[in-house]
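Novice: Here is the input, now give the coordinates:
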Amino acid sequence: MMTTSLPETRLLQAPGIHCQGCVSRIRRALQAQDPQAELLGAPDAELLLMHSQLLSTALQEVADDCGYPLKEEALPERAHHDLSVYGMHCQKCVARLREAIQHWDDTAQVSGTPKEDTLNVDTCLPRGLLERIILETDYSLEAPAEEDEAQAAPAADTPAVASKSSAANASGTANKAATESQPADSASAEFSLSGVTCASCVATIQKALDGLDGVEQAQVNFASRTAQVTSRLAPDEIVSAIEGVGYGASLVEDAQAGEQQQQEDADQEYRSRVRDSVLSLGIGIPLMISMFFHHPGFDGLERGVWLAIGVAVLGVLATAGHSFFTSAWKAFTHHQANMDTLVALGTGAAWIYSMGVLLFPDSVPPAARGLYFEASTMIIGLISLGQALEVRARGRTQQALRALLDLQTRTARVIRDGEEREIDINEVRSGDQVRIRPGERIPVDGRVIEGQSHIDESMLSGEPLPVSRGIGDEVAAGTLNTRGSLVFEVERVGSETRLGRIISQVRQAQNSRPPIGRLADTISGVFVPSVMIIAIVAALVWFNFGPAPTGVHMLVVATAVLVIACPCALGLATPISTMIGVGKAAEHGVLVRSGEALQTASRLTALVVDKTGTLTRGKPEVTEVSLLEGEDEEAVLDAAYALERGSEHPLAAALLAHIEARRPDASRSKAFHDYQTISGRGIQAQDDTGRTWRMGNAAMLEEAGISLAPLSEQITSLEDNARTLILMARDDQLLAVFGLADPLRDDSRDAIARLHAIGLKVIMLTGDNPHTAAAVARETGIDDYRAGVSPDDKHDEIARLQQEGHVVGMVGDGINDAPALALADVGFAMGEGTDVAIETAGITLMQPSLGGVADAIAISQATLRNIKQNLVGAFGYNLIGIPIAAGILYPFTGMLLSPVIAGLAMSLSSVTVVTNANRLRRYTPPSAAGSATSNPENTATTSQGASA
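Specialist: Numbering: from 1, shown residues only. This is a model prediction of the structure:
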């Protein structure tokens, strides 16, 4: 494959394409050359947008493969587009579209007014491709036939103090096959698999799913026997595809029921494997002992006895070994091979050879007249025993998920038509009223409309003490009502509840594969055929060049090679540790989005943290207000309230709360228009007389040419006391300064010490003034900080660190942090933060503590160590075991490996991997105690943002 060093976005002309099906064919041909490539198509304009590492010269091969002529064109000049886009409800929708468009053109400028269904874009992308991006981000370019204004979420009245300019996690990728006229929505679904016995089975199912048009992503997990599929296909189509390659599948519609069914299936499999093991070993062990002391004869009565034993062994193979042979046959009918194929071939060959010797002894040289009935039964027994132990050990890996599922209730007490009745949880609907009595768990998310109580929310927030909840407060599913009775109105049910989203994210993360496991996945796909070839070659070598009796040696070697090879250990090495690591993280209030995030977190060398809401509590309070002499306080406060009342920023919320407390009966009649948000600076608007009002930081006012001299003494005093400042001006006159204090979180200093002990460089980036930033850095022991930075500056700083070779993590909680979270190698979002920040981050901290980042990194490092141990063990076992089974030590020892010992080794290899992975369940992240702490008097390296 001819590639550039970095992916590039290029425009292609594709004459002859007429639908998204054509685009899908070209995409498959492109991804055959570059698996990471992305392709977006506008068939009406016969244009494609490609994001790929392929050199231009390699496009001809793609064109030949797909059958369409492809010609690279220069991107057009930057142009402005005014679009009507439907389905936007708020600025988060605009941010989602912005991120999708900037995925293809990182210089694009995007703004929008959801209430007016307008989107304004400055970009070099052709309009047809721009419209395609919008469609693929699940918004419409056509007005719905009937708009229900009452159900549309209102846009915010005013912009935030800090910019809402960016959000992420709208991928914008075009790997979705759909028709041009009616793009279907993609959905994620989980399927429970049956008949999966080894990593080769997983590779077969994975290949089948990856080959389906309409499947965007598929993750098949050997450890949990599940498949997580994101596609535009109906579940029945997915099930049919899996059944088409010889395996069973069923849609998991309810997580709790699915987990219960999985547990029942595992219990049944365990009992079955134990029964098979007892039957096989019950016959095999006495048989092996008798053959150790007595060489079988082939005449008269003794021959008849051994024939009867052979028939008995056949019965064992048909009963205890039934699953191996039926699975092998099913794989054969689908032109595949799996671990059961190796076991069936090995045990079957041993039995057939033994029966052949008994039935036709004269056709076999006397030295080669050996019977291997005990090998057939012992191999089946030992492998069944190993699988039973593996099933039991695998069951323990899901304890963290089961603990979450146990928080879900099965019923709810609903008030309908004035009557209380208990109904199934699946019948509860948004808008229902639910009564909760003392000691009961909250079944769904809602808002209290009657009563007062204390709720134990430790499972969500980590707060050990129950929290008071009354009328107007939110309650969450899974939390415990300790005392008092409540009635609340249902807002979210099922998978939409906060608990449901947590469970869904944990399941998806457990089913994902870290990049470290890709080599094992690749090898697993060809493992069984490779082992069969090795067995054949080894048998031929021994038959043609080995010492007498060559037939016996050939059989022993071939059987041992087939039986000792273990794709299961390879297949389990990564997913079993990932499942336990993700579960362990969840136990510590850390939600990992994917295996890739888990792996990258283990390699971090630098961590960028925001100040507000991350190091501090995120609940600032106004402590001082300084007015220009002669200004009316009530008029200033009313104007400030009108400017900030639509903002979601914590500083704006604190300012509004202060004004409401100072002037609870004010009319709030002041009005503004022509709002404009200045990224990382503040907000400006005009009043009815045409005067311009501004609220923001000092940099914003200075850039507007407004002198701060009239209140310079007050500003300096506030900064010296580590206050965050909001300044207010009318036209070119400074009117007021608001000082806000946001105390540090109790554990911020200990958390920074733990991060230092791990070996991370910690950098604080804040839009606050240098004095406040220096005070926070000094108190927490942070290495380095930047003050007065905008959201774009945070983005650029992370890019600079990455260029220096750092693997960078970013911790944030606001919409403004979304661009930096998306650019960082791993983003950490505070669970109390905005939905956009949480959706963007690879890891979410359910507890508002920076200590969760240290926990996440420590757990990820422990998990990756465990995976590496498993992979080394699995690869080492096969690399050493298969040559020994093939007889490589015979010239030195004069002995061949017994197939029985090979079967024992094979069964223990998987058990060893699972047992090693289960050690993670006992892992506890190191606490701050004992960590090297920074001297509070250490002077942090200071650097002020360019625009501060």
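Novice: make it CA atoms for all contacts and neighbour counts henceforth
Specialist: Fine.
Novice: Buried residues, the longest helix anywhere in the chain. List them.
Specialist: Ranked by number of residues, the top helix in the chain under DSSP state H is helix 255-293. Neighbour counts over helix 255-293 (16 or more other Cα atoms under 10 Å) mark 255-256, 258-259, 262, 266-267, 269-270, 273-281, 283-285, 287-288 as buried.
Novice: Pull the CA coordinates from the next helix or strand after that helix and hand them back as CSV.
Specialist: Using DSSP states H and E, the next helix or strand after helix 255-293 towards the C-terminus is helix 300-319. What follows is helix 300-319 as a C-alpha-only set of coordinates in CSV (Å, rounded to 0.1, in the frame of the first residue of the first chain):
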residue,chain,number,x,y,z
GLY,A,300,-8.8,-64.5,21.0
LEU,A,301,-10.8,-63.3,24.0
GLU,A,302,-8.5,-60.4,24.7
ARG,A,303,-9.0,-59.0,21.2
GLY,A,304,-12.8,-59.2,21.8
VAL,A,305,-12.5,-57.4,25.1
TRP,A,306,-10.5,-54.6,23.4
LEU,A,307,-13.1,-54.3,20.6
ALA,A,308,-15.8,-53.9,23.3
ILE,A,309,-13.6,-51.2,24.9
GLY,A,310,-13.3,-49.5,21.5
VAL,A,311,-17.1,-49.5,21.2
ALA,A,312,-17.4,-48.1,24.7
VAL,A,313,-14.9,-45.4,23.8
LEU,A,314,-16.9,-44.6,20.7
GLY,A,315,-19.9,-44.1,23.0
VAL,A,316,-17.9,-41.7,25.1
LEU,A,317,-16.9,-39.7,21.9
ALA,A,318,-20.6,-39.7,20.8
THR,A,319,-21.8,-38.4,24.2
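Novice: Rounded mean pLDDT for helix 300-319, please.
Specialist: Mean pLDDT, helix 300-319: 90.
Novice: could you give the angle of the helix or strand that comes right after it to helix 255-293?
Specialist: Per DSSP H and E, helix 300-319 leads on to helix 322-333 as the next helix or strand towards the C-terminus. On the basis of axes from the mean of the first three to the mean of the last three Cα atoms, to 10 degrees, helix 322-333 is oriented at 110 degrees to helix 255-293.
Novice: helices or strands next to helix 322-333 in the packing?
Specialist: Packed against helix 322-333 by the contact rule (3 or more Cα pairs under 8 Å, 6 or more residues apart in numbering; DSSP states H and E) you find helix 339-359.
Novice: Give me the residues contacting the helix it packs on.
Specialist: Under the criterion Cα atoms under 8 Å, 6 or more residues apart in numbering, residues 197-198, 200, 298, 303, 306-307, 310, 314, 324-325, 327-329, 331, 363-364, 369-373, 375-377, 379-380, 528, 532, 555, 558-560, 562-563, 566-568 lie in contact with helix 339-359.
Novice: Could I get the buried residue list for it?
Specialist: Buried residues in helix 339-359, defined by neighbour count with 16+ other Cα under 10 Å: 339-355, 357-358.
Novice: Any idea how far the very next helix or strand once past it is from the middle of the chain?
Specialist: Using DSSP H and E, the helix or strand that follows helix 339-359 towards the C-terminus is helix 373-396. Centroid separation for helix 373-396 versus its chain: 33 Å, with Cα atoms, centre = their mean, to the nearest Å.
Novice: about what we covered before: which elements pack onto the longest helix of the chain?
Specialist: Here helix 255-293 touches helix 300-319, helix 373-396, helix 399-405, going by 3+ Cα pairs under 8 Å, 6+ apart.
Novice: same thing but 6 Å
Specialist: Other helices and strands packing on helix 255-293, by 3 or more Cα pairs under 6 Å, 6 or more residues apart in numbering; DSSP states H and E, are helix 373-396.
Novice: Not counting its neighbours along the chain, what's nearest V808?
Specialist: In space, V808 comes closest to A606 once its chain neighbours are excluded; the distance is 4.9 Å by Cα to Cα, 6 or more residues apart in numbering.
Novice: and the gap between that neighbour and L735?
Specialist: 41 Å (Cα to Cα, to the nearest Å).
Novice: Any regions of the stretch 701-850 of the chain where pLDDT drops low?
Specialist: Within the stretch 701-850 of the chain, the set of residues satisfying pLDDT under 70 comprises 813-818, 831-840.
Novice: mind running it again at 50?
Specialist: Residue ranges of the stretch 701-850 of the chain with pLDDT under 50: 833-834.
Novice: where exactly do the helices run in it?
Specialist: For the stretch 701-850 of the chain, the helices defined by DSSP state H, counting those that start in this stretch occupy 712-720, 748-758, 770-780, 791-803, 818-823, 835-840.
Novice: Nearest to Q102 among the ones you listed would be which one?
Specialist: Nearest to Q102, of all the helices of the stretch 701-850 of the chain, is helix 818-823, at 10.6 Å by Cα to Cα.
Novice: now for that closest one, which elements pack on it?
Specialist: Partner elements for helix 818-823 (3+ Cα pairs under 6 Å, 6+ apart): none found.
Novice: Using CSV, write out every CA atom in it.
Specialist: Taking C-alpha atoms only, helix 818-823 is exported to CSV below (Å, rounded to 0.1, in the frame of the first residue of the first chain):
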residue,chain,number,x,y,z
ALA,A,818,-15.1,19.8,23.9
PRO,A,819,-12.6,20.7,21.2
ALA,A,820,-9.6,20.0,23.5
LEU,A,821,-11.2,16.8,24.7
ALA,A,822,-11.7,15.7,21.2
LEU,A,823,-8.1,16.5,20.1
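Novice: how much distance is there from that helix to the middle of the chain?
Specialist: 16 Å.
Novice: How about stretch 39-55?
Specialist: 28 Å.
Novice: Quick check: I455 is in a strand.
Specialist: Yes - counting by DSSP: H, G, I helix; E, B strand; the rest coil, I455 falls inside a strand.
Novice: Pairing partners for it in the sheet, please.
Specialist: On the basis of DSSP bridges, I455 is bridged to V467, N481.
Novice: what's in contact with stretch 564-581?
Specialist: Residues outside stretch 564-581 that contact it (Cα atoms under 6 Å, 6 or more residues apart in numbering): 198-199, 223, 397, 510, 517, 520, 863, 867, 870-871, 874, 902-903, 906, 910, 917.
Novice: just stretch 430-445 next, same as before
Specialist: Taking Cα under 6 Å, 6+ apart as the rule, stretch 430-445 contacts 409, 413-415, 475-493, 497.
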